[in-house]
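# how would this look folded up:
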Amino acid sequence: MPINETLSQYSDYSYTTAAAIYVVALMFALIEQGFGAKGRLAAERSIQRSRELVGAGGPPAYGTPIEPSREIGRPERIGRMGAALLVLAALLHLAAIVLRGLAVHRAPWGNLYEYGMATTFIAVVTWLVIMRKFPVRHLSGFLLLPVVILMFVNGTMLYTTAAPVQPALQSYWLIIHVSAAIIGSGVFLVPGVASVLYLFRAAHDDNPAKFAKFGSKLPAADVLDRIAYRTTIFAFPIFTFGVLCGAVWAEAAWGRFWGWDPKETVAFVAWVVYAAYLHSRATAGWRGQRAAIINIVGFSATIFNMFFVNLVTSGLHSYAGG
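Purely as a prediction, here's the structure:
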């Protein structure tokens with residue numbers, strides 16, 4: 001079927017508009033983070049309330065919403081506006097993905113541009129879910145910063161005009177394998193950011209003189225650690241499923257399940273790192289800085305695999321960049 005150029009153009013418009021609104025939402029979130037106090041205090045009260053309930057023998061109320069203060073300052077109002085803009089941008093982002101799929105008459109993740117578009121959308125949706133369970137709206141800017149950077153690089157350096165996929169990708173495995181990789185990689189962005197923020201908060205807790213202005217406005221370290229762990233434990237099985245499906249597809253397409261192609265190798269390294277993170281948390285009881293560092297290494301490997309491996313190295317997956 002011929003490419004629908006009109007729908008493709010509308011997809012590009014939606015993508016560009018969503019990116020622009022993300023930038024505005026990022027600035028609004030940074031204003032709330034820098035000048036507001038309600039979000040930080042709510043996060044502190046949330047973790048304190050959880051500890052009190054557990055100590056009293058009640059069930060842990062992780063993520064239990066706190067009654068908001070009647071006094072809402074201007075930074076908090078701006079933060080709410082930023083959250084509303086974030087939802088609007090996510091809807092436009094979704095429209096860009098759907099329109100792209102309708103334009104090319106296939107799953108809209110057949111090249112690196114489309115993959116990046118879908119991955120950043122999953123990251124934003126994951127953050128919206130986290131915002132409903134934890135009082136961390138004022139941290140949205142830190143999640144949106146890598147999202148905006150990735151979307152800018154994706155929409156400029158990696159942009160690909162709407163076209164049919166190459167014959168090697170014309171398989172139902174494109175929907176199964178790549179969609180699992182997209183969901184896993186997108187969700188992994190959230191624990192990566194949470195772990196970085198955890199290191200700042202933990203350093204401030206150990207020495208209040210360190211990052212005094214920044215660290216004091218972050219949620220309790222336990223909140224950030226819990227966000228990182230819960231999102232990782234959700235994404236890991238999906239990512240694992242994607243790796244296994246990729247092996248099955250490789251056997252059908254290339255006659256072997258595994259060939260240590262650069263993309264396969266780095267994906268395996270990322271999988272091992274995340275498996276080590278979850279295993280250490282479950283058996284050795286690792287929490288804190290060591291676990292956060294492992295999580296950050298895993299996320300770095302994911303980003304490295306997404307961009308560097310596709311753009312610089314040569315291998316059987318190189319066609320995914322075009």
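# element containing residue 163, please.
Taking DSSP states H and E as the definition, one finds residue 163 inside no helix or strand.
# distance of it from residue 109?
14 Å (C-beta to C-beta, to the nearest Å). All C-beta spots, glycine's among them, are computed from the backbone N, C-alpha and C.
# more crowded one of these two?
The neighbour comparison of residue 163 against residue 109 (other C-beta atoms under 10 Å) goes to residue 109, with 25 against 13.
# so that one, which of the three states?
Here residue 109 is coil, with the state taken from DSSP: H, G, I helix; E, B strand; the rest coil.
# can you check residue 14 too?
Here residue 14 is helix, with the state taken from three-state DSSP.
# neighbours around it, how many?
Residue 14 has 21 neighbours, counted by other C-beta under 10 Å.
# helix or strand: which one has residue 128?
Assigned by DSSP H and E, residue 128 belongs to helix 112-133.
# buried ones in that helix?
112-127, 130-131 (16 or more other C-beta atoms under 10 Å).
# quick one: mean pLDDT over it.
Helix 112-133 shows a mean pLDDT of 95.
# other SSEs contacting that helix?
Counting contacts by 3 or more C-beta pairs under 8 Å, 6 or more residues apart in numbering; DSSP states H and E, helix 112-133 is packed against helix 74-104, helix 140-156, helix 173-206, helix 221-254, helix 289-306.
# now stretch 169-182: mean pLDDT?
Rounded mean pLDDT across stretch 169-182 is 86.
# need the contact partners of it.
Contact with stretch 169-182 is made by 106-107, 109-110, 115, 118-119, 122, 164-165, 238-239, 241-242, 245-246, 248-249, 252-253, 319-320, as judged by C-beta atoms under 8 Å, 6 or more residues apart in numbering.
# give me the low-pLDDT residue ranges for the stretch 151-300 of the chain?
168, 284-285 (pLDDT under 70).
# and stretch 78-87, what's buried?
78, 79, 81, 82, 83, 85, 86.
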